[in-house]
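Q: what's the 3D shape of this:
(one chain, ligands or ions: 2)
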Amino acid sequence: MDFSEARPAVGVGRRIYIETYGCQMNVVDSETVMAIMAAEGFGRAEGVGDADVVLLNTCSIREGAEQRIWHRLDELAALKKRRRSGMVLGIIGCMAERLAEQIVAERPVVDVVAGPDSYRSLPMLVGEAVAGARGVNVELSKEETYAEISPVRLDASGVSAFVAIMRGCNNFCSYCVVPYTRGRERSRDPETILREVRELFDAGYREVTLLGQNVNSYNYELPVHVNFPELMRRVAAISPQLRVRFATSHPKDISDELLEVIAASPNICRAIHLPAQSGSSRVLAAMNRKYTREWYLERIAAIRRLVPDCAISTDIIAGFCGETPEDHAETLSLMREVGYEFAFMFKYSEREGTPAAREMADDVPEEVKTARLTEIIALQNELSLESNRRDVGREFEILVEGFSKRSQEKVFGRTSQNKVVVIPARSAHAAADHRPGDYVRVRITDCSSATLQGEQIV
Ligand code: SAM
Ligand code: SF4
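A: Ligands and ions are numbered 1, 2, ... in the order given. Presented below is the predicted three-dimensional model:
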């Protein structure tokens, strides 16, 4: 006799809340975890206050990210003590993977520890915690892609969703902890991706962002070979009313084939995030980025040639090991030469266990890192403002996402180039307010370095 049939689902009568830190991949992971837990009967809590299970989905990318989470953990530990009824507290994600032993040894308040590839075991681990034991699973997998699980969307907009198409990373950039916390690269079955995107479109979503640490190296082998350009072609064919984005691309994999697919598909957005990290070929070699400044610039030229209206954004690390003033100047000159629309900019943060931490000295003094980062940010603000000024007077189609934070009289949406445009919620041409999910043609009337202002045109 099968007794599992009679077992009550562990989640029945319990509510769960997930607090998410870090990258977009973690956002999808939290949604995947929610789907796994919902299948076991868990309800969704509004916040920590009404949750029986609180999970922190964590990030290890920089020291600062981990510090914030340790701090938050202490706050939650105090809350757990104050509560009379039990609360299960779990750490999941990259920090759980990287620091499982330390968490188990130093934080008895933590009941569950689960790495990015062990989310299917979370109901069991929480069940163990409810029974008074600790649930720990940080095994990495070569196959897990959570392919058939449709994430429970946690954002309220209902317009734009992230879809994970691959997991892990094989690039081993010398500064980066991701290959150790998220394991080897693996691509998800394209049929399950297409099904998920179709379901999102049918549910009213009008934009998907295909996600991976190195999304353009997507490669599904069997039974039929599907590479990233082919996957993009198929996703874009679902509907011309669906916008398709992707992040993050590694420069080494940004092929002409991909650029040609983008050029041929008006609903693939004209925005490529192509992290350079540094403008110095010497530093890029030390970072193990597998390209030079010249090679990167040749790819930028290819984007300009094949997709002329494409916005380009980047990630930059200031003060990597051995970075000289000349190297830093090369980063600034690369930024000017490309004219990035947008950038994420960071100070180098040494991560234990990475090749850079093992083999190179973190020798740029903190105040020099800060000064270089400040210069990089100031330059990017200038470049963003210049780029936005060029848009004033131009016409774009935006996809409305919601009301502006500052005023209920205004709504905001994004251009294909991923720039935020704020417009009046109702224009003279329209009988009703613009709603999330509407496409609106606008002319840009004004700008700051962060936002464009516009008005509807017919
Ligand atoms: N896979 C993507 C890529 O290669 O561009 C992004 C990975 S990571 C989540 C996002 C960014 O964090 C990286 O592009 C890099 O700029 C930054 N980063 C990663 N490790 C870092 C470190 N040790 N210190 C500072 N920034 C780091
Ligand atoms: Fe980290 Fe490099 Fe992989 Fe990006 S490509 S996740 S920076 S190792």
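
Q: can you give me phi and psi for residue 399?
A: Backbone geometry at residue 399, expressed as degrees, to the nearest 10, gives phi -100, psi 120.

Q: residues contacting the closest residue to ligand 1 within the stretch 151-300 of the chain?
A: The minimum distance from the stretch 151-300 of the chain to ligand 1, using CB to the nearest ligand atom, falls at residue 275 (3.5 Å). To be clear about C-beta, it is placed using only N, CA and C from the backbone, and glycine gets the same treatment. Contact partners of residue 275, counting by CB atoms under 8 Å, 6 or more residues apart in numbering, are 248-251, 314-316, 344.

Q: Any of those residues buried? List them.
A: In the contacts of residue 275, burial by neighbour count holds for 248-251, 314, 316, counting by 16 or more other CB atoms under 10 Å.

Q: need the residues of the chain near ligand 1, please.
A: 23, 61-62, 175-176, 178, 213-214, 248, 250, 275, 277, 315, 317, 346, 348-349, 351 (CB under 6 Å from any ligand atom).

Q: just to revisit the earlier point, three-state assignment of the residue of the stretch 151-300 of the chain closest to ligand 1?
A: Here residue 275 is recorded as coil under DSSP: H, G, I helix; E, B strand; the rest coil.

Q: how far away is it from residue 233?
A: Residue 275 sits 24 Å away from residue 233 when distances are taken as CB to CB, to the nearest Å.

Q: for residue 96, same thing?
A: According to CB to CB, residue 96 and residue 233 sit 37 Å apart.

Q: With residue 408 instead?
A: Distance from residue 408 to residue 233, by CB to CB: 40 Å.

Q: and the longest helix for this protein?
A: helix 366-391 (DSSP state H).

Q: Just give the closest residue to residue 415, not the sequence neighbours.
A: Nearest non-adjacent residue to residue 415, counting by CB to CB, 6 or more residues apart in numbering: residue 396, 4.3 Å away.

Q: partners of whichever helix or strand the one you found is part of in the sheet?
A: Per DSSP states H and E: residue 396 is located in strand 395-403. Using DSSP bridges, strand 395-403 pairs in its sheet with strand 410-414 (antiparallel), strand 439-447 (antiparallel).

Q: Just name the most buried of those strands.
A: strand 410-414 (a mean of 22; mean count of other CB atoms under 10 Å).

Q: Quick one: the strands in the stretch 101-250 of the chain, in order.
A: Per DSSP state E, counting those that start in this stretch, the stretch 101-250 of the chain carries strands over the ranges 112-114, 135-137, 160-164, 166-167, 186-187, 207-211, 219-220, 226-227, 243-247.

Q: and these as TSV, adding distance to ligand 2 and mean pLDDT?
A: Converted to TSV, these look like this (distance: least, CB to the nearest ligand atom, whole Å; pLDDT from 0 to 100):
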stretch	distance to ligand 2	mean pLDDT
strand 112-114	20	97
strand 135-137	23	93
strand 160-164	14	96
strand 166-167	11	96
strand 186-187	13	96
strand 207-211	12	97
strand 219-220	15	95
strand 226-227	18	96
strand 243-247	11	97
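
Q: can I get those in CSV with mean neighbour count and distance to residue 283?
A: Converted to CSV, the strands of the stretch 101-250 of the chain look like this (neighbours: other CB atoms under 10 Å; distance: least, CB to CB, whole Å):
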stretch, mean neighbour count, distance to residue 283
strand 112-114, 25, 36
strand 135-137, 21, 38
strand 160-164, 23, 30
strand 166-167, 26, 27
strand 186-187, 22, 30
strand 207-211, 22, 27
strand 219-220, 19, 29
strand 226-227, 20, 30
strand 243-247, 23, 23
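
Q: In JSON lines, list these along with distance to residue 292.
A: Formatted as JSON lines, the strands of the stretch 101-250 of the chain follow (distance: least, CB to CB, whole Å):
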{"stretch": "strand 112-114", "distance to residue 292": "40"}
{"stretch": "strand 135-137", "distance to residue 292": "41"}
{"stretch": "strand 160-164", "distance to residue 292": "31"}
{"stretch": "strand 166-167", "distance to residue 292": "26"}
{"stretch": "strand 186-187", "distance to residue 292": "27"}
{"stretch": "strand 207-211", "distance to residue 292": "27"}
{"stretch": "strand 219-220", "distance to residue 292": "24"}
{"stretch": "strand 226-227", "distance to residue 292": "24"}
{"stretch": "strand 243-247", "distance to residue 292": "23"}
